[in-house]
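> attaching a predicted model along with its sequence, questions to come.
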Amino acid sequence: MSTRALRKLQGGLDDSALTNNSPQQQVQEEEEEEEEEEEESQGVLPSKSQNRFDLLLQGSPSESEVKEDDDMSDEGDYRGGEDGESSCDEDGIKPPRKRPRQQQQQLMTSQLLEDFLSASKERTDAVNSFLAICKQQEEDDKQQKQKLQQKQQLQQQKQQLQQKQQLQQQKQQLQQKQQLQQKQQFYQLHQQQEKYFEKLEVLYESKASILEDMITMKNDHCLEIQTLQTTHQNVIEKLQEQHRKDLWELHEKMIKMQHEHQQRLVNIIQNRNINYESSVEQ
């Protein structure tokens with residue numbers, strides 16, 4: 001709360017003075033108000049209003065008192081006691097005589113001061129209660145601000161949690177999608193493997209049949225070879241037997257021819273001998 005507001009709450013004291021000040025004084029008062037606002041924000045009440053109350057408590061002489069003092073100075077006689085004789089104190093100084101009107105004015109002044117003090121106290125209590133209300137309002141505002149901040153933090157945390165949950169859901173969906181893709185790939189690979197195994201099985205069956213055919217052909221070939229070998233052996237044996245027979249017949253023929261040749265040679269020799277003997281005889 002500013003000093004001007006405090007002054008208005010305290011009865012509008014010196015409003016005319018605040019409005020009629022020079023620009024330099026207004027600037028100075030604004031600076032003082034800012035300093036006092038800083039002190040009030042730290043929980044310290046301004047002391048300017050208290051100084052003003054002290055000045056009011058000291059009081060200022062009214063025009064009637066000033067006039068009366070002037071009249072008394074003009075009269076120039078100070079009377080003491082009821083007999084009109086002057087009385088002096090120990091130092092020889094005559095105190096001024098108090099008149100009933102002056103006493104009444106002093107009583108009125110003291111009564112006014114007491115009323116002013118009570119009114120000032122009421123205004124001070126009102127100001128303090130107003131300051132307490134303002135302070136409570138500030139605390140309530142702070143609490144509301146803290147609650148709002150907490151609410152905003154909770155909302156942010158909730159949003160972060162929602163974002164995290166969304167990310168987790170997206171991650172789970174991505175994992176499920178990847179798992180589904182892997183399953184599909186595995187299924188396709190399994191189908192390809194089954195097809196490959198089927199082809200391989202057909203190939204093995206065909207190869208087995210080919211091997212069986214080859215084994216059958218080999219057995220047949222072996223049988224044929226054995227048959228040929230047997231036939232060949234028989235033929236060879238027959239040929240050998242025939243050759244032996246032919247050789248034996250040839251040998252016999254040669255022996256026979258040799259024998260015949262020898263017989264012819266013997267005959268020729270005998271003939272020659274006979275011829276020679278006959279020629280010799282002739």
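Everything's here; your move.
> residue contacts, Q193?
Contacts here follow C-beta atoms under 8 Å, 6 or more residues apart in numbering; on that basis Q193 touches nothing. Quick note: C-beta positions are derived from backbone N, CA and C, even for glycine.
> that one in helix, strand or coil?
helix (DSSP: H, G, I helix; E, B strand; the rest coil).
> tell me the pLDDT of it.
Predicted confidence (pLDDT) for Q193: 88.
> give me the element Q182 is part of.
Using DSSP states H and E, Q182 maps to helix 100-281.
> how close does K151 sit to H190?
As judged by C-beta to C-beta, to the nearest Å, K151 and H190 stand 56 Å apart.
> before we move on, what about H232?
Applying C-beta to C-beta, the value for H232 to H190 is 60 Å.
> show me the shaky parts of the protein.
1-99, 282 (pLDDT under 70).
> ok, F130 - how many residues close by?
Per other C-beta atoms under 10 Å, the neighbour tally for F130 reads 14.
> again with S120
S120 has 21 neighbouring residues, counting by other C-beta under 10 Å.
> over to the one 5 residues further on?
As a burial measure, D125 scores 10 neighbours (other C-beta under 10 Å).
> OK, contacts around it?
So D125 contacts nothing (C-beta under 8 Å, 6+ apart).
> that one and L131, how far apart?
11 Å.
> then E139?
E139 sits at a distance of 12 Å from L131 (criterion: C-beta to C-beta).
> of the two, which one has the most company?
L131 (16 against 10).
> how near is that one to Q137?
As judged by C-beta to C-beta, L131 and Q137 stand 10 Å apart.
> same question, E122
Applying C-beta to C-beta to E122 and Q137 gives a distance of 22 Å.
> ok, K145 next?
12 Å.
> which residues sit in contact with E252?
If you count contacts by C-beta under 8 Å, 6+ apart, E252 has none.
> what distance do you get for it to D246?
For E252 relative to D246 (C-beta to C-beta), the value is 11 Å.
> if I look at these two, which residues touch both of them?
Counting by C-beta under 8 Å, 6+ apart, nothing touches both E252 and D246.
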